[in-house]
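Asker: Make a model of this:
(one chain, ligands or ions: 1)
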Amino acid sequence: MEKILVLDFGSQTTALIGRRLREMGVFAEIKPGEVELSQDVLKDVLGIILSGSPASVYNGGPAPRPFIYECGLPLLGICYGLQRMNVDSGGLVERLKNVEYGAVEVSMEDGGEPPRIAESAFLNGFPKKTFRAWMSHADTLSRLADGFTLRAKSASGFPAVVTHNKKNWFGVQFHPEATHCECGNDILASFAFNVCKCNKTWSVEKYADEAVELVKKQAGGKTVLLLISGGVDSMVCGALLLKALPNEKTHLMYIDTGLMRKGETEEVLEALALLNAKNTHIARAGDLFLNALKGKSDPEEKRKIIGDLFITVQEAEVAKLKLPGDYLLAQGTLYTDMIESGKGCGKNARVIKSHHNVASPLVAAKREKGLIIEPLSALYKDEVRALGRILGLADKYVMRHPFPGPGLAVRVMGEVTKEKLDALREADAVFINELKKRRVKDGSKTLYDDIWQAFAVLLKERSVGVAGDERKYGFVAALRAVASADGMSADVYPFNINDLIEISTAITNAVKEIGRVTYDVSSKPPASIEWE
Ligand code: XMP
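Answerer: Have a look, this model is predicted:
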């Protein structure tokens, strides 16, 4: 399939570049920036984008293989990607005295070398005079390499857009993939369609057919085990496996850690039954997890305990199945999971949190032996949801909000106890139920469907209140609800205050242990979505 290759040098927004292109119907594949490039890897590639990076080119920052400059394909450098191209071509990059961060006005330059046809085709995506770009850089091009022409400057006078006067090489200092960048989509589209001559060949429907064939080929008649977490991704992965492979050869294992949402295990079982799964294995290990967490209140320690115990339980349960030694392990890993845990395309991406679903030794061992199938690893969350629908999963399952691997343990602040877990589970269920009942202003959808992720958190502190005529010293629940495209960044969901007040009342009425409710109004960054 024709595609644009995105070389990832570790920017937090690399995933967005791919996303934007796919939204336009162009298949984009993200690979590590330093990946070996050959004619074979570049088969079907119509253009290459070099991503941004937290590194600096003059400080040993990552570099692409020189072949990229010899292969004759159009190149678009974004931020660090542009700086890389400039330095690799003999130009200079230096540190800025004052960083350019956020919205910056960019002015197109008049005059200079008249653009060639391909340059004009690219520049067609830009406004004629000025626009508001989204910058995030501490380095700048201080001398353009031979052949490059300056086409636009930032308000502080630094190069913002350059083109090459012989080759189809282009560069922008800002991030067209960021939603806040004016004309960002037009700029990416002009590279993809006007320069690279891409066609709109990508759609989830087409991917579904290809994925079924690919999974069949990868499985090659072997037994496949999928670890189901209860979330959308593993459920869709399960649906895909069950469509592609014989049901008898497909094993689905679910570990109930006791840290699940209310009714979660039952819902998983119901969905798997609807998918006609034959080999479903459920391990109920709630007591083990609760015991292991006793007296532990440090967030990373809690995550580690859960991650390690999960692996122990998983290995014991898998051993019980007596699967053939060469069985394949399937995972519903998304591209964004890989990025957030630093396991993604580039080793340059920074580790944010340890996600045990990516790091387990069982997974690592299987990966080493080439016995792993991750059919969703090229997809974004919304594409996974669309794929789930195509595979026949009801909205009830595909529209579920994401849920972290360590479950409610990272939503009970401090030590996890049965009492706190039960109170939180109830409060969370009331919150979610209310969101499913309430609709957005124009009535077009429920609040639940309008929100990327919503949940309740139980704080360590207790607070005084009155219940009836009695003084009450209850728990405090914090509500979190965010709007986001993929969880990488998030905005606070702007509730109508009456909804919040009524939801708060519903929670304190239903959960006697909770005496007070607050709403978390932080965005990501600087706060993360989860509290721990
Ligand atoms: P943060 O809290 O890092 O969350 O802003 C981003 C997204 O990732 C989810 N999350 C996890 N998912 N295992 C997972 O599978 C984890 O350990 C984990 N921690 C956070 C979080 O719910 C949000 O959707």
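Asker: Tell me where the chain is predicted with low confidence.
Answerer: 337-359 (pLDDT under 70).
Asker: which residue is nearest the centroid of it?
Answerer: residue 336 (2.8 Å; C-alpha atoms, centre = their mean).
Asker: where's that one, which helix or strand?
Answerer: helix 335-340 (DSSP states H and E).
Asker: Now the residue nearest to the centre of the chain. Nearest residue, chain neighbours left out?
Answerer: Distances taken as C-beta to C-beta, 6 or more residues apart in numbering place residue 486 nearest to residue 336, at 5.1 Å, with adjacent residues excluded. Placement of C-beta: from N, CA and C, glycine included.
Asker: my guess is residue 247 meets residue 280, correct?
Answerer: No: in this structure, residue 247 is not within contact of residue 280 by C-beta atoms under 8 Å, at 10.4 Å.
Asker: neighbour count winner among these two?
Answerer: residue 280 (17 against 14; other C-beta atoms under 10 Å).
Asker: Quick check: the more buried one is in a helix.
Answerer: No: the assignment for residue 280 (DSSP: H, G, I helix; E, B strand; the rest coil) gives strand, which keeps it out of a helix.
Asker: I'd like the numbering to begin with 19 instead of 1 from here.
Answerer: With the count now opening at 19, the last piece we talked about shows up as residue 298.
Asker: what bridges to it?
Answerer: Beta-bridge pairing of residue 298 under DSSP bridges involves residue 270.
Asker: Contacts only, for it.
Answerer: Shown in contact with residue 298 (C-beta atoms under 8 Å, 6 or more residues apart in numbering): 270, 272, 287, 290-291.
Asker: repeat for residue 289
Answerer: Residue 289 sits next to 253, 411, 415 when contact means C-beta under 8 Å, 6+ apart.
Asker: Could you give the number of residues near the last one?
Answerer: Yep, that's residue 415 we're talking about. A count of neighbours around residue 415, defined by other C-beta under 10 Å, yields 22.
Asker: That one touches residue 406, doesn't it?
Answerer: Yes: here residue 415 lies in contact with residue 406, judged by C-beta under 8 Å, at a distance of 6.8 Å.
Asker: Domains in this protein, by residue range?
Answerer: Under the assignment automatic domain parsing, the domains of the chain span 21-213, 222-416, 429-537.
Asker: For residue 423, find the nearest of the ones you listed.
Answerer: domain 222-416 (5.1 Å; C-beta to C-beta).
Asker: Span of stretch 309-328 from start to end?
Answerer: 13 Å (C-alpha to C-alpha, to the nearest Å).
Asker: Next: stretch 212-228.
Answerer: The first and final residues of stretch 212-228 sit 27 Å from each other (C-alpha to C-alpha).
Asker: List the buried residues for it?
Answerer: For stretch 212-228, the neighbour count (16 or more other C-beta atoms under 10 Å) marks 212-214, 216, 220, 222, 225-226 as buried.
Asker: Equivalent analysis for stretch 59-70, please.
Answerer: Buried, per 16+ other C-beta under 10 Å, within stretch 59-70: 59-60, 63-70.
Asker: quick one: contacts for residue 97?
Answerer: Listed by C-beta under 8 Å, 6+ apart, the contact set of residue 97 reads 29, 69-71, 154-155, 190-193.
Asker: now, which of the residues you listed lie close to the ligand?
Answerer: Taking C-beta under 6 Å from any ligand atom as the test, the ligand is in contact with none of the contacts of residue 97.
Asker: JSON lines for the residues you listed, including secondary structure?
Answerer: Below are the contacts of residue 97 laid out as JSON lines (three-state DSSP):
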{"residue": "29", "secondary structure": "coil"}
{"residue": "69", "secondary structure": "coil"}
{"residue": "70", "secondary structure": "coil"}
{"residue": "71", "secondary structure": "coil"}
{"residue": "154", "secondary structure": "strand"}
{"residue": "155", "secondary structure": "strand"}
{"residue": "190", "secondary structure": "strand"}
{"residue": "191", "secondary structure": "coil"}
{"residue": "192", "secondary structure": "coil"}
{"residue": "193", "secondary structure": "coil"}
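Asker: wait, which of those is closest to residue 137?
Answerer: Nearest to residue 137 out of the contacts of residue 97 is residue 190 (C-beta to C-beta; 13.4 Å).
Asker: ok, that closest one touching residue 205?
Answerer: Yes: using C-beta under 8 Å, residue 190 is in contact with residue 205, at 6.7 Å.
Asker: Format the domains of the chain as TSV; extra columns: distance to residue 422.
Answerer: Output for those, formatted as TSV (distance: least, C-beta to C-beta, whole Å):
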stretch	distance to residue 422
domain 21-213	18
domain 222-416	8
domain 429-537	8
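Asker: quick revisit: tell me which of the buried residues of stretch 212-228 is nearest to the ligand?
Answerer: Nearest to the ligand among the buried residues of stretch 212-228 is residue 222, at 20.8 Å by C-beta to the nearest ligand atom.
Asker: need the contact list for that closest one.
Answerer: With C-beta under 8 Å, 6+ apart, residue 222 has these contacts: 401, 404-405, 408.
Asker: Closest one of the residues you listed to the ligand?
Answerer: The nearest one, if we look at the contacts of residue 222 relative to the ligand and count by C-beta to the nearest ligand atom, is residue 401, at 16.1 Å.
Asker: And that closest one, how close does it get to residue 20?
Answerer: 18 Å (C-beta to C-beta, to the nearest Å).
Asker: same question, residue 183
Answerer: 27 Å.
Asker: And for residue 438?
Answerer: Residue 438 is 53 Å from residue 20, by C-beta to C-beta.
Asker: So which of the two has more stuff around it?
Answerer: residue 438 (20 against 16).
Asker: Summarise which helices and strands the helix or strand encompassing that one is packed against.
Answerer: Secondary structure assignment for residue 438, by DSSP H and E: helix 436-455. If you count contacts as 3 or more C-beta pairs under 8 Å, 6 or more residues apart in numbering; DSSP states H and E, helix 436-455 packs onto helix 465-468, strand 471-485, strand 488-501, helix 515-528.
Asker: how about these, which one is nearest the ligand?
Answerer: The ligand lies closest, by C-beta to the nearest ligand atom, to one member of the helices and strands packed on helix 436-455: strand 471-485, at 5.2 Å.
Asker: Centre of the chain to the closest one, how far?
Answerer: When C-alpha coordinates are averaged (C-alpha atoms, centre = their mean, to the nearest Å), strand 471-485 and its chain have centres 29 Å apart.
Asker: Return the subset of the buried residues of stretch 59-70 lying in strands.
Answerer: The members of the buried residues of stretch 59-70 that map onto strands under DSSP state E are 63-68.
Asker: could those residues be laid out in CSV, adding distance to the ligand?
Answerer: Below are those laid out as CSV (distance: C-beta to the nearest ligand atom, whole Å):
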residue, distance to the ligand
63, 31
64, 32
65, 31
66, 29
67, 25
68, 26
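Asker: Identify the farthest-apart pair in those residues.
Answerer: Longest span within those, C-beta to C-beta: 64 and 68, 15.2 Å.
Asker: How many residues are close by residue 413?
Answerer: Other residues within reach of residue 413, judged by other C-beta under 10 Å, total 11.
Asker: and what of the one 5 residues further on?
Answerer: Neighbours of residue 418 under the rule other C-beta under 10 Å: 21.
Asker: Among the contacts of residue 298, pick out the one closest to the ligand, please.
Answerer: residue 272 (14.5 Å).
Asker: you'd agree that closest one is up against residue 302?
Answerer: No: using C-beta under 8 Å, residue 272 is not in contact with residue 302, being 9.6 Å away.
Asker: A helix includes residue 36, no?
Answerer: Yes: under three-state DSSP, residue 36 sits within a helix.
Asker: Can you report how many residues lie near it?
Answerer: Neighbour tally, residue 36, other C-beta under 10 Å: 27.
Asker: How about it: what's its closest non-neighbour residue?
Answerer: In space, and not counting its chain neighbours, residue 36 is closest to residue 46: 4.0 Å by C-beta to C-beta, 6+ apart.
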